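> Sequence first, predicted coordinates after that:
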Amino acid sequence: MRFWLLLPLFAAITLPLMPLQQLFVWLRLGLARRFPMYYHRLACRLLGIRLEVIGEPPQAGPMLIVSNHVSWLDILVLSAVAPVSFVAKREVNGWPFFGSLARLQRTVFVDRTRRHAVGRSHDEMQERLREDDILVLFPEGTSSDGRRVLPFKTSFFGAAGLPGVLVQPVTLAYHGHMNLPMNRRLLPSYAWYGDTDLVPHLVGAVNTGPIEVTVICHSPLALSGELTRKTLARHAEQEVRRGLRLALHDPAKIR
C-alpha cells in the first residue's frame with residue numbers, strides 16, 4: 001500500500017525534473033553534477049531513509065569513491081551525500097526508465113566481460129576525472145547481502161592514477177529499521193542481490209518501511225610510487241570491511 005501511495009508523488013516530482021536535468025547535461029552546466037544530489041535528498045526523505053554520515057564526503061573532484069554494494073538504494077544514499085556520477089555495468093543503460101535516470105546522472109557504463117572494453121571504460125573514467133568529476137565505483141562487481149564485503153576487483157582502480165585524483169573508501173551499512181536494529185529477516189527486503197527481480201524488490205522495500213543507513217567516509221588516498229593499484233584496492237577493501245563490522249556490531253567506536 002505504501003508504494004502505491006508514494007508512486008504518484010514520485011512521478012509528479014521526477015517526470016518534470018528529467019527534462020530539466022537533460023538540459024543541464026546538454027549545456028554542460030555545473031548544475032548537471034549537483035542537481036541529482038538535491039533530487040536524491042528529497043527521494044530519501046520521501047522514502048523515510050534516514051542517513052548518518054560519518055567523516056567528510058567529497059563535494060568536489062577529481063575523486064574516485066569506492067564503496068561496498070548492497071542495493072539499488074545505494075544510488076539514492078550516495079547521491080544524497082555528494083554530487084556523484086556512477087560507474088555501472090553496461091546492462092543498466094538498457095533498463096526501461098532506470099537506464100534513463102542513470103544517463104541523466106552521467107553514468108559511465110562499463111563492460112567487465114571484454115578486455116578491450118575495459119580499456120575503453122578506463123579511458124572514459126579518466127576523461128571524467130580530468131573534468132573534476134566524482135565517480136562512484138562498486139569494486140565488488142556485484143551486490144551482497146549487506147552483512148559482508150566481497151573481495152574488491154582491481155580493474156578500474158588504475159583510472160585514479162592521474163595527478164591530483166584521490167580515492168576515498170566509503171562504507172554503506174543498512175543497520176536500522178524504524179529506529180530498531182535491522183535483523184537478518186528484514187535485511188533481504190533492502191539488500192538486492194542474487195537473482196531477485198528489481199521491480200518486485202523495489203515495491204517490497206518501499207512497503208517494508210523507513211530505514212536507517214550509516215555512510216562512513218574514510219580517509220582518501222592517492223596512487224603513488226609506493227601505493228600500487230592492487231595495494232590501494234586491498235587497503236580500500238580493508239577499510240570498508242572494518243567500517244561495516246563496526247557499524248553493525250560496535251557503532252560507538254566509529255563516532
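The structure has been received and is ready for your questions.
> And for residue 204, the neighbour number?
15 (other CB atoms under 10 Å). Quick note: C-beta positions are derived from backbone N, CA and C, even for glycine.
> check contacts around it.
With contact taken as CB atoms under 8 Å, 6 or more residues apart in numbering, residue 204 is in contact with residue 189.
> Need the CA coordinates for the regular element (helix or strand) spanning it. CSV is fine.
For residue 204, the enclosing helix or strand under DSSP states H and E is helix 198-208. Output of helix 198-208 as CSV, limited to C-alpha atoms (Å, rounded to 0.1, in the frame of the first residue of the first chain):
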residue,chain,number,x,y,z
LEU,A,198,14.3,-5.3,-9.5
VAL,A,199,10.7,-4.1,-9.6
PRO,A,200,9.2,-6.6,-7.1
HIS,A,201,12.2,-5.9,-4.8
LEU,A,202,11.7,-2.1,-5.1
VAL,A,203,8.0,-2.5,-4.2
GLY,A,204,8.8,-4.7,-1.3
ALA,A,205,11.4,-2.4,0.1
VAL,A,206,9.2,0.7,0.0
ASN,A,207,6.3,-1.2,1.6
THR,A,208,8.6,-2.6,4.4
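> for it, which positions count as buried?
Neighbour counts over helix 198-208 (16 or more other CB atoms under 10 Å) mark 201, 202, 205, 206, 208 as buried.
> what's the pLDDT at the first one?
Right, residue 201. What the model reports as pLDDT for residue 201 is 93.
> Same question for the third one.
We note a pLDDT of 94 for residue 205 in this prediction.
> And for residue 226?
Looking at residue 226, its pLDDT stands at 69.
> Please work out how many residues are found near residue 241.
By the criterion of other CB under 10 Å, residue 241 has 18 neighbours.
> Please point out which parts of the helix or strand where it lies sit buried.
Taking DSSP H and E as the definition, one finds residue 241 inside helix 229-249. Using 16+ other CB under 10 Å as the test for burial, helix 229-249 gives 229, 232-233, 235-237, 239-248.
> again, but for stretch 31-51
Residues of stretch 31-51 classed as buried under the neighbour-count rule (16+ other CB under 10 Å) are 32-33, 35-37, 39-44, 47, 49, 51.
> What are the contacting residues of it?
Under CB under 8 Å, 6+ apart, the answer for stretch 31-51 is 6, 9-10, 13-14, 17, 20-21, 24-25, 73, 75-77, 79-85, 104-106, 133-134, 176, 206, 209-215.
> Give me the subset of the residues you listed lying in strands.
Using DSSP state E, the subset of the contacts of stretch 31-51 located in strands is 85, 134, 176, 211, 212, 213, 214, 215.
> Quickly note the distance from residue 205 to residue 102.
19 Å (CB to CB, to the nearest Å).
> er, residue 175 I mean
Relative to residue 102, and taking CB to CB, residue 175 is found at 27 Å.
> quick one: low-confidence parts of the stretch 51-200 of the chain?
By pLDDT under 70, the low-scoring segments of the stretch 51-200 of the chain are 114-117.
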